[in-house]
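model this:
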Amino acid sequence: MEEILLPYGERPLSWAPGAHNVTVLRCNDIPALGDLRSSLQDSLRRPTRSQPLRARATAAGRIAILVSDPTRLFPQRTVLAAVLDELSSVDPRRITIVVARGNHGGTDASAVGIAGDIASRFRIVNHDSLDGESMAVVGTLPARERVFFLRQALRHIGRSLLRAPLSARTFLGRLSARDWQGVRAAAGYTMFVRALCICAASLRSTVRIRREVVDADLRILIGQIKPHFLAGFSGGFKAVFPGCAGRTGIAQNHFMMNHPSVALGRSEGNIIREHIEQAGRLCGESFAVNVVMNGGNRVAGIFAGDPVASHRRGAELCRRIGKVETPRADIVITAEGFPEAMNLYQLTKIVPAAARIVRKGGAIICVGACRDGIGGLTVLNEITFKIGFWNLLPRNMRVYLVSDLPRRDVAHTEFIYAGTVDEAVAREKTRFTTPPSVTVLSGAGLLIPEAVDNH
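Numbering: from 1, shown residues only. Presented below is the predicted three-dimensional model:
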């Protein structure tokens, strides 16, 4: 088989499968829009279940424009410019631009499409989920599924106890080597703290949102709709919550991740998506402007208007782009470039796509540059893997990482270090009596794989 170019970082990574039994999955071919600026204008003036943006803005007093952080890859600068064109008659002093970064790290305004002229004309706010003084309570959401989450917590304790001998050996080994970073990583949350966090997901929650967002009469939510393993799809009210929420509320939402309704590519009936939209509605009037990208990283659709109705329309296009059917494979190579590949925490978002089609006892090889490091070791190990992926990954699953990270850094994570794709595949081949099947998810961040019967 010819060489495969895998998304990786700023440049793709070449891999020659050789004699391996390899299937390569890519996004379905959906054409890009011809005239982006014209399409944006049309979408803003003919939105879904809403008055045109210009009419909504004229009637509003204060306006908050929520923009995405760099973890989304779409032409935000162009979208923001089109929105501001529709608001040209509005006094700039009535407009605040908020970088809705949730729990993600800080970012420079220019990195999210806020150019110098925009920064000089409008007030810019960089949301910080730890800054309690900057937030206001907008309401509460009722408790849900208490019995289910209590059972999940007890199950989590049981599985933690089974792993206790291995965890203890890891901890003591790193302590004797005076590997203090490794000691902290091995200790992490205790199993009881993790169990309490799971229980807390079912409790009544107080919703705190950035004050500039709450005080606005109209919120304009700019974002990208793409597959998301917790919320089904990104976009919509996600700009408000978790984008502009407090850390406790975000954590409570994310700890619902083990509920059976939570799935990649599922919006309706998804307990996390419902929680997001209920929280978003508490703030009042909002207008969404969401973009869907195709496999060539070009805009395939723009969906504006009511944050729920327009989001569902965009999710349907996103599903058409990313849904692919395939038999289960012994080894699944899942690869992505920026922004998923900016750090390891972001790159883990492409593991769930692979988990949908890997066989029990198989392996996942995660491929991405991770130029900016790990991006949160405790969240990666103790929450994403030990809670989020426990129900998602088949038993005895091995997850390899091919990246620019040094072996010593990967050793602190739940990943298995591999210097190359060939190295990871070769290590797995020794476990099979016949050549293993290999499936490659190229551009995995947009894919929604569906496993079909091999027979």
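
Residue 379 contacts residue 346, doesn't it?
No: using Cβ atoms under 8 Å, residue 379 makes no contact with residue 346, being 11.2 Å away. All C-beta atoms are positioned from the backbone trio N, CA, C, and that covers glycine.

Tell me which of the two has more neighbours.
Comparing residue 379 with residue 346 by neighbour count (other Cβ atoms under 10 Å), the higher total belongs to residue 346, at 22 against 18.

what's the longest strand along the chain packed up against?
Counting by DSSP state E, the longest strand found in the chain is strand 358-367. Counting contacts by 3 or more Cβ pairs under 8 Å, 6 or more residues apart in numbering; DSSP states H and E, strand 358-367 is packed against strand 329-335, helix 351-355, strand 398-402, helix 421-429.

Which neighbouring elements make contact with the helix or strand just after it?
Using DSSP states H and E, the helix or strand that follows strand 358-367 towards the C-terminus is helix 377-378. Judged by 3+ Cβ pairs under 8 Å, 6+ apart, helix 377-378 is in contact with helix 180-187.

Tell me, how many residues neighbour the residue nearest to residue 16 when sequence neighbours are not counted?
Spatial nearest neighbour of residue 16, excluding adjacent residues (Cβ to Cβ, 6 or more residues apart in numbering): residue 3 at 4.8 Å. By the criterion of other Cβ under 10 Å, residue 3 has 9 neighbours.

what are the phi and psi angles of residue 3?
When quoted as degrees, to the nearest 10, the phi and psi of residue 3 stand at phi -60, psi 150.

any idea how far it is from residue 400?
For residue 3, the distance to residue 400 equals 20 Å [Cβ to Cβ, to the nearest Å].

Then residue 80?
Distance from residue 80 to residue 400, by Cβ to Cβ: 39 Å.

How about residue 394?
Taking Cβ to Cβ as the measure, residue 394 falls 15 Å from residue 400.

hey, what's the closest residue to residue 415 other than its chain neighbours bridged with?
Sequence neighbours aside, residue 401 is the residue nearest to residue 415 in space, at 3.8 Å (criterion: Cβ to Cβ, 6+ apart). On the basis of DSSP bridges, residue 401 takes part in beta bridges with residue 366, residue 417.

picking up where we left off before, the more surrounded of residue 394 and residue 400?
Set residue 394 next to residue 400 and count neighbours by other Cβ under 10 Å: residue 400 wins out with 23 against 13.

Was I right to think that one contacts residue 419?
No: counting by Cβ under 8 Å, residue 400 sits too far from residue 419 to count as a contact (10.3 Å).

mind listing the strands for the stretch 251-400 of the chain?
286-293, 299-305, 323-327, 329-335, 358-367, 398-402 (DSSP state E, counting those that start in this stretch).

what's around the closest residue to residue 142 other than its chain neighbours, how many residues?
Distances taken as Cβ to Cβ, 6+ apart put residue 204 closest to residue 142, at 5.8 Å, once the chain neighbours are dropped. Residues near residue 204, counting by other Cβ under 10 Å, number 10.

what do you get for the one 10 residues further on?
As a burial measure, residue 214 scores 20 neighbours (other Cβ under 10 Å).

Which of the helices and strands in this structure ranks last by mean pLDDT?
In the chain, the helix or strand scored least confidently by mean pLDDT, DSSP states H and E is helix 180-187, which has a mean of 64.

quick check: mean pLDDT across the helix or strand that comes right after it?
Using DSSP H and E, the helix or strand that directly follows helix 180-187 along the chain is helix 191-200. If you average the pLDDT over helix 191-200, you get 80.
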